[in-house]
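Participant: My questions concern the predicted model and sequence given below.
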Amino acid sequence: ELNTITRIEQFMVDALIASPLIPIGVNVLRLADVIDKEGVVSQTNNIVVRYTGATNNVKNKIPMVFERSMRFELNFSCQNYLTSSGHDFATQLLSGAFITLNGSVPGGAAVAVIEPFVCASEDFTGLSDESQYTYTQVYSLLIEEAMPYIALDPCVQRSEEHTSELQSPCNLVCRLLLEK
């Protein structure tokens, strides 16, 4: 559900902003917020949080309950600044994010967390045209999410003509009413 994704992304952003391991001058943003702040992102040290997908397994059909293994990416970009190497600063941010998020459970996401955040991978992704060192961390989170059950009126539901359920008194009355 879109609200679940947004709330989990926001939890990650808030946790990184509040972390004493991430310096105050670092921009921590959701990808959805980056579009409005594109100039800021291309010139400074940033961590951009984004949802990248999920694998879903149905655990129960009625009500519909999914077990979702969700993936989130943190994209780091750091420039050389005065005497600080962009690479060294980026590795400091990688370590700070790992300590802050690994094993954490998002609060306020309105879902049951089965397994907390786990850092699945961490990679150097290159040096940008603006001389920014870029890295990516991928986190996974296993949640259980129930979809709302919407009961349909049995007179409105359609079935095959040859099933025995159409022979029930309620269905016969409904069919007769619908045919008129």
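Facilitator: Cool, the structure landed. Every value quoted in this text rests on a predicted model; they were computed, and no experiment measured them. Numbering: from 1, shown residues only.
Participant: Quick one: residues contacting G86.
Facilitator: 78-80, 131-133 (Cβ atoms under 8 Å, 6 or more residues apart in numbering). Yep, even glycine has a C-beta here, placed from its N, CA and C like the rest.
Participant: how close does it sit to N45?
Facilitator: 8 Å (Cβ to Cβ, to the nearest Å).
Participant: Please identify every residue contacting each of those two.
Facilitator: In terms of Cβ under 8 Å, 6+ apart, G86 and N45 are both contacted by the residues 78-79.
Participant: contacting residues for S121?
Facilitator: 136-138.
Participant: partner residues bridging the closest residue to S128 other than its chain neighbours?
Facilitator: The spatially closest residue to S128, leaving aside those adjacent along the chain, is T134, at 5.9 Å (Cβ to Cβ, 6 or more residues apart in numbering). Bridge pairing for T134 (DSSP bridges) gives the partners S77, G126.
Participant: For T134, give its distance to V113.
Facilitator: Using Cβ to Cβ, we find T134 at a distance of 29 Å from V113.
Participant: and what of R30?
Facilitator: R30 is 20 Å from V113, by Cβ to Cβ.
Participant: and what of T52?
Facilitator: 18 Å.
Participant: And S77, by the same measure?
Facilitator: To V113, S77 is 29 Å away according to Cβ to Cβ.
Participant: Repeat that for A32.
Facilitator: 22 Å.
Participant: What of Q132?
Facilitator: On the measure of Cβ to Cβ, Q132 and V113 end up 33 Å apart.
Participant: Spell out which residues sit in contact with the residue lying closest to A90 once chain neighbours are set aside, please.
Facilitator: Nearest non-adjacent residue to A90, counting by Cβ to Cβ, 6+ apart: C78, 4.0 Å away. Residues in contact with C78 (Cβ under 8 Å, 6+ apart) are 45-46, 86-87, 89-90, 93, 132-133.
Participant: Kindly recompute the last result at 7 Å.
Facilitator: 45, 86, 89-90, 93, 132-133 (Cβ atoms under 7 Å, 6 or more residues apart in numbering).
Participant: Relative to T6, how far out is it?
Facilitator: Counting by Cβ to Cβ, the gap from C78 to T6 is 26 Å.
Participant: try T136
Facilitator: For T136, the distance to T6 equals 21 Å [Cβ to Cβ].
Participant: Which one's more surrounded, the two?
Facilitator: T136 (17 against 14; other Cβ atoms under 10 Å).
Participant: Surely G103 touches C119?
Facilitator: No - if you go by Cβ atoms under 7 Å, G103 and C119 don't touch, sitting 9.3 Å apart.
Participant: No further queries at this time; thank you.
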